[in-house]
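1. just to be clear, the model below is a prediction. Sequence and coordinates:
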Amino acid sequence: MTQAFLMHMDQLDRILELELTRLLDPIVHAPVPPRRRRRGGLTVIASDVAALVEPVPVVVPIVTPVS
């Protein structure tokens, strides 16, 4: 039973490999498209960043001496 399952999986692996090769080879062998230049870029204003940042409360441990 185990051998039949492994043979079936081997056939499935071969089919998957062939199909993936058929689908992905044209993509892999195609030339890389040129990059586009960004228009305007990204501008960040300090006040915008400060508005997005939430203050984090600080926990101060209290230590009491043991007598």
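-> Sure, I can see it. Keep in mind that this is a model prediction, so the values were computed, not measured.

2. how close does Val28 get to Pro65?
-> Look at Val28 and Pro65: by C-beta to C-beta, to the nearest Å, they are 70 Å apart. Any C-beta I mention is one placed from the backbone N, CA and C, and that applies to glycine too.

3. what is the neighbour count of Val32?
-> Val32 is flanked by 5 other residues according to other C-beta atoms under 10 Å.

4. equivalent analysis for Val59, please.
-> 6.

5. what helix or strand is it on?
-> Using DSSP states H and E, Val59 is not contained in any helix or strand.

6. show the average pLDDT along the lengthiest helix in the chain.
-> Identified as the longest helix of the chain according to DSSP state H is helix 2-29. The pLDDT scores in helix 2-29 average 83.

7. other SSEs contacting it?
-> Applying 3 or more C-beta pairs under 8 Å, 6 or more residues apart in numbering; DSSP states H and E, one finds that helix 2-29 makes contact with no other helix or strand.

8. neighbour-wise, which of Val28 and Pro65 wins?
-> Neighbours per residue (other C-beta under 10 Å) separate Val28 from Pro65, with Val28 holding more: 7 against 4.

9. how far away is that one from Ile62?
-> Taking C-beta to C-beta, one finds Val28 at 62 Å from Ile62.

10. do Met9 as well
-> 63 Å.

11. in terms of neighbours, single out the busier of these two.
-> Neighbour count, other C-beta under 10 Å: between Met9 and Ile62, Met9 has more, with 10 against 5.

12. check contacts around the more buried one.
-> With contact set as C-beta atoms under 8 Å, 6 or more residues apart in numbering, Met9 has no partners.

13. what's the pLDDT at Val56?
-> pLDDT recorded at Val56 is 72.

14. measure it to Ile62 for me?
-> In terms of C-beta to C-beta, Val56 sits 19 Å off from Ile62.

15. so Val32, which of the three states?
-> coil (DSSP: H, G, I helix; E, B strand; the rest coil).

16. phi, psi for it please.
-> Torsion angles at Val32 (phi, psi; degrees, to the nearest 10) stand at phi -70, psi 130.

17. show me what contacts it?
-> Neighbours of Val32 in contact, by C-beta under 8 Å, 6+ apart: none.
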